[in-house]
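In: here is a sequence with its predicted model. Questions after.
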Amino acid sequence: MASSNFRGLEATNRRETAVLVVAFMLLFGAIGLGLDFAARDIAIIDGHLIGFPVLTIAALVFAGIQSIVSYYSGASLVLLSVHARPLTPDTPKHQMVLDVINEMATAARMPVPKPYLMDDPSPNAFATGRDLAHSVICVTQGLVDQMDREELQGVIGHEMSHVADYDIRTMMMIAVMVGGIAMLSDFVYRWMFFGGFGARGRSSSDRDNQAAVLITVAVIVLAAVAPIFSQLLAMAVSRQREYLADASSVEFTRNPRALLRALEHIAKIESPLKRGTAGTAHLFIVNPREGIREDSEGFFANLFSTHPPLGRRIARLQALLGAAGATTLGAQAGADTSAGS
């Protein structure tokens, strides 16, 4: 892939990250405003807005802090959530992984990402960080133990592509924000359980009470839908990027067989990650959650999947391998013809 294409993808990801942050803050503000109406902190009386939106401001401040924390500390939070630790050259296998990361960084003309390790027997990997200088590639012990050097090159090349086009920033922000939305939703329901809605009355008229009930219902629905919507958003953003990262891995390794062999290997293993969560599943090269297979086709299967079907990804790489083989054979035939003439 040409470097200009990576720059184009980087610009797209910058815009998408900004849009995500704005949407995230608007969602928090909307829920905070609804809570202010439900709690009668504010009300519209005779066409005038009365009161002070305490909860709206609190929600926006929380969203702003969450966005800043996501940007500057999101990678650390993700690594902490999966119990990852720095990868050191304490075994020949670990040294091989470090060598492959250095090789792929050289091929991609990028700074070397910080290497991390998850003590988990399932073969998997992910990349995260806010930019090239603060990027991380994390592999599982299962990947280290089960993959040979060629397969590792395919997997690391895939993750290096996510770093090169700034997918890591968008995906990291989504991972932390999804957690923030889940926390806010949980707060709304706990507050409702302990009688927060309508605890403080500003008007005793039936009209005001009916409006407060409608707003309360709207807040409850929004709090219920927001975590689901954010999960679907994370899945959709992840699916769009996996095919491109597969193709970029082939470019970095110059070997379609490397990632193809790795994905075929992973497809044969029924071993989900012990710490695979819904909030971080979209970061991994294949879905790490138990019982989630990426082979199903169809609208609803794709809608609720963080990754494209694994079988389809393998088929695309097989097609690339066939095209590369045909090109090599054609070039060889041309060379033989020239030599014979």
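Out: Alright, I've got the coordinates.

In: where does the stretch 101-250 of the chain dip in pLDDT?
Out: Per-residue confidence for the stretch 101-250 of the chain (pLDDT under 70) gives these ranges: 194-213, 240.

In: how many neighbours does the nearest residue to Glu159 once chain neighbours are set aside have?
Out: With sequence-adjacent residues excluded and distances taken as C-beta to C-beta, 6 or more residues apart in numbering, Glu159 is closest to Ala127, at 4.0 Å. No exception for glycine: its C-beta is placed from N, CA and C like everyone else's. Applying other C-beta atoms under 10 Å, we find 27 other residues in the vicinity of Ala127.

In: quick one: contacts for Ala127?
Out: Contacts for Ala127 (C-beta atoms under 8 Å, 6 or more residues apart in numbering) come out as Pro113, Ser135, Val136, Ile137, Cys138, Glu159, Met160, His162, Val163, Asp167, Ile168, Leu283.

In: what's the distance between stretch 25-35 and the middle of its chain?
Out: Taking C-alpha atoms, centre = their mean, to the nearest Å, one finds stretch 25-35 lying 24 Å from the centre of the chain it belongs to.

In: for it, what is the average pLDDT?
Out: Mean pLDDT, stretch 25-35: 82.

In: now render the contacts of Ala127 as CSV, adding secondary structure, neighbour count and distance to Ala223.
Out: As requested, the contacts of Ala127 are exported to CSV (DSSP: H, G, I helix; E, B strand; the rest coil; neighbours: other C-beta atoms under 10 Å; distance: C-beta to C-beta, whole Å):
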residue, secondary structure, neighbour count, distance to Ala223
Pro113, coil, 27, 37
Ser135, strand, 26, 34
Val136, strand, 22, 33
Ile137, strand, 27, 36
Cys138, strand, 27, 32
Glu159, helix, 28, 35
Met160, helix, 28, 39
His162, helix, 28, 32
Val163, helix, 25, 35
Asp167, helix, 26, 29
Ile168, helix, 29, 29
Leu283, helix, 26, 25
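
In: quick one: which of those is nearest Met104?
Out: Lowest distance from Met104 to these (C-beta to C-beta) belongs to Met160, with 4.6 Å.

In: could you tell me how far the residue nearest to Glu159 is located from Ala218?
Out: When C-beta to C-beta, to the nearest Å is the yardstick, Ala127 and Ala218 sit 39 Å from each other.
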